[in-house]
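Undergrad: Fold the following and give me the result.
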Amino acid sequence: TIHESFDITLDAFAEYLAALDDDGILVLETGLEPTRRALRLLTTGAAACRALAGDAGCADRVVFVRSELVGLLIIAKRPLPEAWIDAIRTFSWERQFTASYLPELSLDEIRDDIAAEEEYFEQFDQLTEFSDDEQGGAAALHDPYFDCLEVLLRGDEAARAAYLDEYPFDLQPVRDDRPYFDAFLKGSSAAFLHETSPDPDSWVRRMPSDLYMEPLLWVTLVQALALGLLILLIPLLLRRGGVRRRGAGRTVVYFMMLGLGYMLVEMVLIQWLTLFLAEPVFSASIILAILLVSSGVGSLVSGRWVDTPRRGIAIAAAGIVGTLLLFVLVLTPLLEALIFLPLLARVPVTALLLAPAGFFMGMPFPLGMAALARSGRDALTAWGWGINGAISVSAIILARVLAIRIGFSGVILLAAAAYAVAWVAFPGRLDD
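TA: Numbering: from 1, shown residues only. Below is the predicted model:
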């Protein structure tokens, strides 16, 4: 699946460069298959360099040297001395590497280098008797890495935007709020894959394997929604007359929004705090424990408003929406400021940050159940449980799909909106 890559976000690059002294250089290795992955690394490096040196000061600080399979991106804290550039070029030539980008490197020089590279692989092919597919030599006098860096480092803002917009895959640098480096699909990707497929009639089956991950998430989401709907519809169809109870519509919306909001928050926080808590397994276990315990406490305390459920749901909704909006505004800066702490200290910090949200999120479900029981609508209680459980399963997948598209903050805002809708749909309003 597509996973978080906090180590190659634009925010990470900025921290790497900030940690260098004046003569320091940042060196990153990348595979060249698929090309789009290497190009996204270049766009991230170029954006970090522009943030450091401005639009006019980057072209003489970046180098990209490659073989057929691996590339090295070099970003210097200050303009590279001419002696360094000459040394890099000599090193590359002696070892049959291609200097795809060097300060002051012209397009004609790039073509000369690629022609030499092609000649080398033709000779290598003759010596080893490899097939054309196996030898992997350059097919044309064209270097996509030079094209990318030339536009991003020497072009103006309009040229950079046009390059990124016209490329068939998403090459925009990713941020810590949306650290999915391998999410390349965008609106024009499907048409490009169809047009370039050797078999347009079965282009989906011939899609590159690294691009399958996000569509598979969508397929899994549709399957989960369909199965959840089926589980709910079967007893409804078998029950003569269906569910014709006062407040049935409110009950459906209310418990659906509770399941959606809770799971969106839970799953996104696990992803969001992976960097802060060092490992995904630590993040999952720690955050689940914090939210479940604090939600249990909230459920217990909500019993104080059994007789006045509308007051209780108003307090809960205000607390949930308020804490979630605070997450969007201050969670990332807080995590960045406290990440220097040892792991054992970060765990209680995480508890202090998340427990208030978990406390308030534990209140709406028992308040809804109490409102149904108080008004004599016990027949809707089972439907509340079922709807909440069905949507919770689907929301686990939906959280990842949405985080890839709109980032962690966007998903948290959607969760806050879901709780606001639940407050409006609260079944207890019918009792007043």
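
Undergrad: Can I get stretch 321-338 in PDB, CA atoms only?
TA: Taking C-alpha atoms only, stretch 321-338 is exported to PDB below (Å, rounded to 0.1, in the frame of the first residue of the first chain):
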ATOM      1  CA  VAL A 321     -15.100  20.400  16.900                       C
ATOM      2  CA  GLY A 322     -12.900  22.700  19.100                       C
ATOM      3  CA  THR A 323     -10.200  20.200  19.700                       C
ATOM      4  CA  LEU A 324     -10.100  19.000  16.100                       C
ATOM      5  CA  LEU A 325      -9.700  22.600  14.800                       C
ATOM      6  CA  LEU A 326      -6.900  23.000  17.300                       C
ATOM      7  CA  PHE A 327      -5.200  19.900  15.800                       C
ATOM      8  CA  VAL A 328      -5.400  21.500  12.300                       C
ATOM      9  CA  LEU A 329      -3.900  24.800  13.600                       C
ATOM     10  CA  VAL A 330      -1.200  23.700  16.100                       C
ATOM     11  CA  LEU A 331      -0.600  20.000  16.100                       C
ATOM     12  CA  THR A 332       2.200  20.000  13.400                       C
ATOM     13  CA  PRO A 333       4.100  22.900  15.000                       C
ATOM     14  CA  LEU A 334       3.800  21.300  18.400                       C
ATOM     15  CA  LEU A 335       5.100  17.900  17.200                       C
ATOM     16  CA  GLU A 336       8.000  19.600  15.400                       C
ATOM     17  CA  ALA A 337       8.900  21.600  18.500                       C
ATOM     18  CA  LEU A 338       8.800  18.500  20.800                       C
END
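
Undergrad: Give me the buried positions along that stretch.
TA: Within stretch 321-338, the residues that count as buried by 16 or more other CB atoms under 10 Å are Val321, Thr323, Leu324, Phe327, Val328, Leu331, Thr332, Leu335. Every residue, glycine included, has its C-beta placed from N, CA and C.

Undergrad: need these in JSON lines with distance to Phe97 and pLDDT, can you?
TA: Converted to JSON lines, those look like this (distance: CB to CB, whole Å; pLDDT from 0 to 100):
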{"residue": "Val321", "distance to Phe97": "56", "pLDDT": "96"}
{"residue": "Thr323", "distance to Phe97": "53", "pLDDT": "96"}
{"residue": "Leu324", "distance to Phe97": "50", "pLDDT": "97"}
{"residue": "Phe327", "distance to Phe97": "46", "pLDDT": "96"}
{"residue": "Val328", "distance to Phe97": "45", "pLDDT": "95"}
{"residue": "Leu331", "distance to Phe97": "43", "pLDDT": "93"}
{"residue": "Thr332", "distance to Phe97": "39", "pLDDT": "90"}
{"residue": "Leu335", "distance to Phe97": "39", "pLDDT": "91"}
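
Undergrad: Out of those residues, which is nearest to Ile391?
TA: Leu324 (18.2 Å; CB to CB).

Undergrad: That closest one touches Val265, doesn't it?
TA: Yes - the criterion here is CB atoms under 8 Å, and Leu324 meets it with Val265 at 6.9 Å.

Undergrad: anything in contact with each of those two?
TA: Counting by CB atoms under 8 Å, 6 or more residues apart in numbering, the common neighbours of Leu324 and Val265 are Ala357, Ile412, Ala415.

Undergrad: which of those residues lies closest to Ile85?
TA: Among the shared contacts of Leu324 and Val265, Ile412 lies closest to Ile85 (CB to CB), at 46.2 Å.

Undergrad: quick check: mean pLDDT across the helix or strand harbouring that closest one?
TA: Assigned by DSSP states H and E, Ile412 belongs to helix 381-424. Taken as a whole, helix 381-424 has a mean pLDDT of 92.
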